[in-house]
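1. Generate coordinates for the sequence data below:
(chains A and B)
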Amino acid sequence: MKKYILDLRVKSLEWLHERYVLIKLTDDKPLPEMLPGQFVEVQVVDSPVTFLRRPISINFVDYEQNELWLLVATVGEGTRHLARLHAGDTLNCVLPLGNGFSPVNESEKVLLVGGGVGVAPLLYMGAEMKRRHVEPTFLLGARSSKDLLMLDIFKRYGRVYVTTEDGSEGEKGFVTNHSLLQQEHFDRISTCGPTPMMKAVARFARQNGVNCEVSLENLMACGLGACLCCVEKTVDGNLCVCKDGPVFNIQKLLWQD
Amino acid sequence: MARLDVKIGELSLKNPVMTASGTFGYGLEFADFMPLDGIGGIIVKGTTLKPREGNDYPRMAETASGMLNCVGLQNKGVDYFCEHIYPQIKDIDTNMIVNVSGSSPEDYAECAARIDALENIPAIELNISCPNVKDGGMAFGVTCAGASSVVKAVRERYHKTLIVKLSPNVTDITEIARAVEAEGADSVSLINTLMGMAIDIEKRKTMLSINTGGLSGPAVKPVALRMVWQVAKAVKIPVIGLGGISNAKDAIEFLMAGATAIEIGTANFLDPTISIKVRDGIDRWLDSHGCQSVEEIIGVIS
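-> Predicted structure coming up:
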């Protein structure tokens, strides 16, 4: 897929919660094709502390409105800087990067499992599945109800099940404890979230013979497969999360435990 | 339009801008963003005789105006390069230069000899300055005897333009430069990364898997510029300058300090088209200052 460097315009910036901000970007020209699970390297300008671009997963692409959505958790100086953008500002983006989730075939029953801000790429994945007439099921986990992001929008595309660690919404506990996993069989799980959560999901998938892919977020510099900083150990040796990933089938990873 | 072409030994560059090894892949990764044949040369990823897995993750830490890396020469080896990568890059219309590393003089020489056989690779850059591998790399680049032994072994088996990339992690870089010149190097490039370190104070752990790494980016530019100036006065062979170059002004500083050509490294990560912009910026500066040729400004700082 052809990659671009674009100066996108901030259309709106909406705080979903004290730590999460939804940035909607647009351009005068139609946005290029992007796949669910791919990401964008955004430039952080005028920050005295940061240096490199920040990789942010593609939350949603609205081709009708010509919008690219980025859901950003303000975890460090770079992301906090992004959260200070205003409507009308430009954001320099290199996109689309990485491989994305593997395409779904029509007969597959797919569960999309997200945790925290890791739910971000699953929205676009679910929307693209729905567009291809494959209904996704979402299982979304968070610390508490206020950390659950964009639930109303997820519900437009499929069934949504929720866990919270404090029990303030949905079932109490982790996503891997949800009763849904005992009640229904899925052919495939695609997951994105904190590494311990993804490892637990991968363990469940392995034990139950479910095809499973995970989206990794190793620290990266170039985003293009040039610097070899973001590598993950795989059965094929060290692979770049930015270029060979970020999505890997768990059979490729050395996550056996 | 001033003339931008320069010569590094026998090697003709259409302009003095190249991309540094390990920051530009094999060039192909950047083909969507810029015309690869628009720059004077592309120095591809460090290549060794045998495949190398490199160091464990994490390999990178962001720092003030720069970054540390400890990739450790991950590559699939020279045979894989010759068979699978060379066919993809051999027709790119610029100097495709291979960065060569090793763990013994014999390793370096054998790897160089195999690349000597590739028609469209007109030069190699010998990496005797990688700070991130235990066996070899910088071990050869920090003493005159070590540097000489590698260059001597390679020179016997490599017949095209031989560039030697120097380490800044030495007491006197001009001594090393003179030593490799004496063994027949056609050019020296400098600087490789400066050894550094970063610590995560919450985890009480170093940020890099092998604790230390090489610092690059604008943070190192003044140090690099000083070393280029010193080396350019110490040797007769052309010097290639690199270290934190992020724009045309930086590049012109290196040219004025005595570099015949420059390499852009870490800045490629921030703007994948930066090398073309630097070329155009040098061109515009020369025009606006009434220069007929880039050679007029090379080494003007005495």
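
2. Next, the contact list for the closest residue to chain B within the stretch 1-150 of chain A, please.
-> Per CB to the nearest CB, A:Lys3 is where the stretch 1-150 of chain A lies closest to chain B, at 4.4 Å. No exception for glycine: its C-beta is placed from N, CA and C like everyone else's. By CB atoms under 8 Å, 6 or more residues apart in numbering or on different chains, the contact set of A:Lys3 is A:94-97, A:224, B:32-33.

3. Now the two most distant members of those residues.
-> Within those, A:Pro96 and B:Phe33 form the most distant pair, 13.3 Å apart (CB to CB).

4. And these two? Which one has more around it.
-> Legend: neighbour count by other CB atoms under 10 Å in any protein chain shown for A:Pro96 and B:Phe33, higher for A:Pro96 (22 against 19).

5. tell me the SS of the more buried one?
-> Using DSSP: H, G, I helix; E, B strand; the rest coil, the structure places A:Pro96 in strand.

6. got it, and the one 10 residues further on?
-> Judged by three-state DSSP, the three-state class of A:Glu106 is coil.

7. neighbours of the residue nearest to it when sequence neighbours are not counted, just the number please.
-> Using CB to CB, 6 or more residues apart in numbering or on different chains and skipping residues adjacent in sequence, the residue nearest A:Glu106 is A:Val134, 5.8 Å away. When neighbours are counted by other CB under 10 Å, A:Val134 registers 18.

8. Within range of chain A, give me the residues from the stretch 101-250 of chain B.
-> Proximity of the stretch 101-250 of chain B to chain A, by CB under 8 Å from any CB of the partner chain, involves residues B:Gly217.

9. Please list all residues in contact with the residue in the stretch 101-250 of chain B positioned nearest to chain A.
-> Going by CB to the nearest CB, chain A is nearest to B:Gly217 of the stretch 101-250 of chain B, at 6.4 Å. Counting by CB under 8 Å, 6+ apart, B:Gly217 makes contact with A:51, B:63, B:65-67, B:244, B:246, B:266-267.

10. can those go into CSV with extra columns for neighbour count, distance to A:Met34 and secondary structure?
-> Shown next, in CSV, are those (neighbours: other CB atoms under 10 Å in any protein chain shown; distance: CB to CB, whole Å; DSSP: H, G, I helix; E, B strand; the rest coil):
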residue, neighbour count, distance to A:Met34, secondary structure
A:Phe51, 21, 26, coil
B:Thr63, 19, 31, strand
B:Ser65, 18, 31, coil
B:Gly66, 21, 31, strand
B:Met67, 25, 27, strand
B:Gly244, 24, 33, coil
B:Ser246, 21, 29, coil
B:Thr266, 31, 27, coil
B:Ala267, 23, 26, helix
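
11. Near chain B, which residues of the stretch 51-200 of chain A? Just list them.
-> Neighbours of chain B within the stretch 51-200 of chain A, by CB under 8 Å from any CB: A:51-53, A:94.

12. Among these, list the two that are farthest apart in space.
-> Longest span within these, CB to CB: A:Phe51 and A:Val94, 15.4 Å.

13. Quick check, A:Val72 in contact with A:His17.
-> No - the criterion here is CB atoms under 8 Å, and A:Val72 misses it with A:His17 at 11.5 Å.

14. Who has more neighbours out of the two?
-> Between A:Val72 and A:His17, A:Val72 has the larger neighbour count (other CB under 10 Å), namely 25 against 14.

15. ok, so what distance separates the more buried one from A:Ala120?
-> Look at A:Val72 and A:Ala120: by CB to CB, to the nearest Å, they are 9 Å apart.

16. Next SSE downstream of the lowest-mean-pLDDT helix or strand in chain B?
-> Ranking every helix and strand in chain B by mean pLDDT, DSSP states H and E puts helix B:138-141 at the bottom, with a mean of 84. As assigned by DSSP states H and E, the chain's next helix or strand after helix B:138-141 is helix B:144-157.

17. Roughly how far does the residue lying farthest from the centre of chain B sit from A:Arg131?
-> Relative to the C-alpha centroid of chain B, counting by CA atoms, centre = their mean, B:Glu202 is the outermost residue, at 35.2 Å. Distance of B:Glu202 to A:Arg131, given as CB to CB: 43 Å.
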